[in-house]
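Asks: quick check, what structure comes out for this input:
(2 chains)
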Amino acid sequence: EDQVTQSPEALRLQEGESSSLNCSYTVSGLRGLFWYRQDPGKGPEFLFTLYSAGEEKEKERLKATLTKKESFLHITAPKPEDSATYLCAVQAGGTYKYIFGTGTRLKVLA
Amino acid sequence: KAGVTKTPRYLIKTRGQQVTLSCSPISGHRSVSWYQQTPGQGLQFLFEYFSETQRNKGNFPGRFSGRQFSNSRSEMNVSTLELGDSALYLCASSLALAGVYEQYFGPGTRLTVT
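Replies: The predicted model follows:
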């Protein structure tokens, strides 16, 4: 069964304290892995797409990496404005179906 | 800002009523997906429409239905509302062309059933 698991569920960091969020997946025929940021009460905001193992994408303080079993979202020197829920999703190759993880709630303290 | 738009942002309905939500995808996007989000369950996939056809469906009862029009706009209907249907409903659109599959979400509609 296609599945996405994110860890940790919640993470509190001091401003400037780098860390990584994990997204483990099992899917038949990965079409793409996606990272989103969601602020309370709003729709998820697209961050990255990763298509194949070894691929990396960067945007400001965020860097996403992909292996055959998991993806990491590395946050370097985070700021309070990086506080949000980060969602990971995969799209299955055969069905085109998107499967979302339950997210990691990140809180960055000033 | 151009993007996935959805009307309305907030809705209050009474148990037993029905509700219809609308979603206009980003121009050129052919796929529209609907999700239900609650604090306990996270993002739950309802269904996806691609070129006016339902391509995928989640595990929701038949009270939840949808459709897509020739201009790619989509509607979702929930009949006989229950208290448990209170949630944030999100739609997302995708270009859905080879190599371009990411979804873009609208702001969502907060539905409260009393």
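Asks: confidence score at the closest residue to chain B within chain A?
Replies: In chain A, the residue that lies nearest chain B is A:Gly43 (3.5 Å; Cβ to the nearest Cβ). Where C-beta positions appear, they are placed from N, C-alpha and C, glycine not excepted. Note on A:Gly43: pLDDT of 93.
Asks: against which helices or strands is the helix or strand hosting A:Arg37 packed?
Replies: In this structure, A:Arg37 sits in strand A:30-38 according to DSSP states H and E. Using 3 or more Cβ pairs under 8 Å, 6 or more residues apart in numbering or on different chains; DSSP states H and E as the contact criterion, the elements in contact with strand A:30-38 are strand A:19-26, strand A:45-50, strand A:62-66, strand A:70-75, strand A:84-92.
Asks: deepest-packed of those, please.
Replies: Compared across the helices and strands packed on strand A:30-38, strand A:84-92 shows the largest average neighbour count, a mean of 22 (mean count of other Cβ atoms under 10 Å in any protein chain shown).
Asks: any low-confidence regions in the chain?
Replies: I went with chain A, as the question did not name one. Low-confidence regions of chain A, defined here as pLDDT under 70, do not occur.
Asks: wrong one, I was asking about chain B
Replies: B:1-4, B:6, B:98-100.
Asks: ok but the residue of chain A closest to chain B is inside a helix, no?
Replies: No. In this structure, A:Gly43 is coil, not part of a helix, as judged by DSSP: H, G, I helix; E, B strand; the rest coil.
Asks: from memory it sits against B:Gly108, does it?
Replies: Yes. Under the criterion of Cβ atoms under 8 Å, A:Gly43 is in contact with B:Gly108, at a separation of 4.9 Å.
Asks: okay, and the common contacts of those two?
Replies: Common neighbours of A:Gly43 and B:Gly108, using Cβ atoms under 8 Å, 6 or more residues apart in numbering or on different chains, are B:Leu90.
Asks: all helices for chain B, in order.
Replies: Under the criterion DSSP state H, chain B carries no helices.
Asks: what does it put close to chain A?
Replies: Taking Cβ under 8 Å from any Cβ of the partner chain as the measure of proximity, chain B contacts chain A at B:4, B:33, B:35, B:42-43, B:45, B:48, B:50, B:55-56, B:88, B:90, B:92, B:96, B:99, B:101-108, B:110.
Asks: what about burial for those residues, which qualify?
Replies: Using 16 or more other Cβ atoms under 10 Å in any protein chain shown as the burial test, the residues of chain B next to chain A include B:4, B:33, B:35, B:42-43, B:45, B:48, B:50, B:55-56, B:88, B:90, B:92, B:96, B:101-108, B:110 as buried.
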